[in-house]
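Visitor: starting from these lines, generate the structure:
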Amino acid sequence: MATTDHLFAGSIPEIYDRFMAPMLFESYALDLAERLEKIDPRSVLETAAGTGVLTRALLAHLSAHATIVATDLNPPMVKHAAAKCEDPRVEWRVADALALPFEDRRFDAVTCQFGAMFFPDKTRGYREARRVLKSDGHFVFNVWDPIAENEFADVVTEALATVFPGDPPRFMARVPHGYYNLKTIREELTAAGFTRISIDSVKRTSKTSSPGDAAVGYCQGTPMRNEIEARDAARLEEATGRAAEALALRFGQGPIEGRIKAFAIEAVC
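Guide: Numbers count the residues shown, from 1 in each chain. Alright, predicted model coming up:
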């Protein structure tokens, strides 16, 4: 994994929250929150919380007595999320999901929205989740299906390949949409000590107000921006414009929508 694949800094958190959250993450946050609501945990750890999209959904769905420790590896993301969500039920912390700073068997549930793909060592991350879970605790998370099943991401990635044909930015295909082999996921969860594993396919529709908004979200609000700027920072706007043109060609002008697909995974100690 490239060193910039997990870097959410500069203006990325704000752009991510403004464009990517409503376009992609809010509907899947609702799905995870509803799954956790059925479990009715009193103590929840969220890893890779990002800008707090899932955190806010959890607050709306869990018991008023439930508490959440929301963590992320990136301090700018935690700072942005904490500023938007000052609820006393939430504790915000910078933490590495592969080395959690919590004692064994502390939480009823651990959850992670589209973060496992960023773990350099998936089994280690799963083992840490299991370590901090109480007996019969639940680990509830999701991952994306291949990029071909997620139309906006696929179109943007192909468009950027025309801007940098010799070295196309492949972040979206490599990381967010690069961890979808269900056999591998089951094997790594089993190796981490989980015994009951269920996986559901979850299809949704991605919607945004314009091709330009989608292009800004992908090209400037994710670590793909780091890839573009590493190739030529002066071409960021050009790359964003090319992505917008490709999206408009495929989906039209004005409000657009495209197919998205992910997997929701529940594992029990």
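Visitor: which residues touch Glu26?
Guide: Applying Cβ atoms under 8 Å, 6 or more residues apart in numbering, we find Glu26 in contact with 53, 57. The way it works is simple: take the backbone N, C-alpha and C, and place the C-beta from them, glycine included.
Visitor: for the host helix or strand of it, which positions count as buried?
Guide: Counting by DSSP states H and E, the element that carries Glu26 is helix 26-39. Of the residues in helix 26-39, those buried by neighbour count under the rule 16 or more other Cβ atoms under 10 Å are 26-33, 35-37, 39.
Visitor: next secondary structure element downstream of it?
Guide: Moving toward the C-terminus from helix 26-39, the next element (DSSP H and E) is strand 43-47.
Visitor: so which elements touch the helix or strand following that next one?
Guide: Remark: after strand 43-47, the chain's next helix or strand is helix 53-61, criterion DSSP H and E. Counting contacts by 3 or more Cβ pairs under 8 Å, 6 or more residues apart in numbering; DSSP states H and E, helix 53-61 packs against helix 26-39, strand 43-47, strand 67-72, strand 107-113.
Visitor: tilt between the helix holding Glu26 and helix 53-61?
Guide: Here the directions of helix 26-39 and helix 53-61 differ by 50 degrees (axes from the mean of the first three to the mean of the last three Cα atoms, to 10 degrees).
Visitor: between strand 107-113 and helix 26-39, find me the angle.
Guide: Using the same axes, to 10 degrees, helix 26-39 lies at 160 degrees relative to strand 107-113.
Visitor: rewinding a little: quick one: closest of the helices and strands packed on helix 53-61 to Asp200.
Guide: helix 26-39 (8.8 Å; Cβ to Cβ).
Visitor: dump the helix ranked longest in the chain to CSV, restricted to CA.
Guide: Longest helix in the chain by number of residues (criterion: DSSP state H): helix 236-251. This file holds the C-alpha atoms of helix 236-251, laid out as CSV (Å, rounded to 0.1, in the frame of the first residue of the first chain):
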residue,chain,number,x,y,z
LEU,A,236,-5.4,18.8,-10.1
GLU,A,237,-8.1,21.1,-11.5
GLU,A,238,-7.6,19.6,-15.0
ALA,A,239,-7.9,16.1,-13.6
THR,A,240,-11.1,17.1,-11.7
GLY,A,241,-12.5,18.7,-14.8
ARG,A,242,-11.8,15.6,-16.9
ALA,A,243,-13.5,13.4,-14.3
ALA,A,244,-16.6,15.7,-14.4
GLU,A,245,-16.7,15.6,-18.2
ALA,A,246,-16.6,11.8,-18.1
LEU,A,247,-19.4,11.6,-15.5
ALA,A,248,-21.5,14.0,-17.4
LEU,A,249,-21.0,12.0,-20.6
ARG,A,250,-22.1,8.8,-18.8
PHE,A,251,-24.9,10.1,-16.5
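Visitor: would you turn the helices and strands packed on helix 53-61 into JSON lines with mean pLDDT and distance to Lys79?
Guide: Shown next, in JSON lines, are those (pLDDT from 0 to 100; distance: least, Cβ to Cβ, whole Å):
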{"stretch": "helix 26-39", "mean pLDDT": "98", "distance to Lys79": "20"}
{"stretch": "strand 43-47", "mean pLDDT": "98", "distance to Lys79": "16"}
{"stretch": "strand 67-72", "mean pLDDT": "98", "distance to Lys79": "10"}
{"stretch": "strand 107-113", "mean pLDDT": "98", "distance to Lys79": "18"}
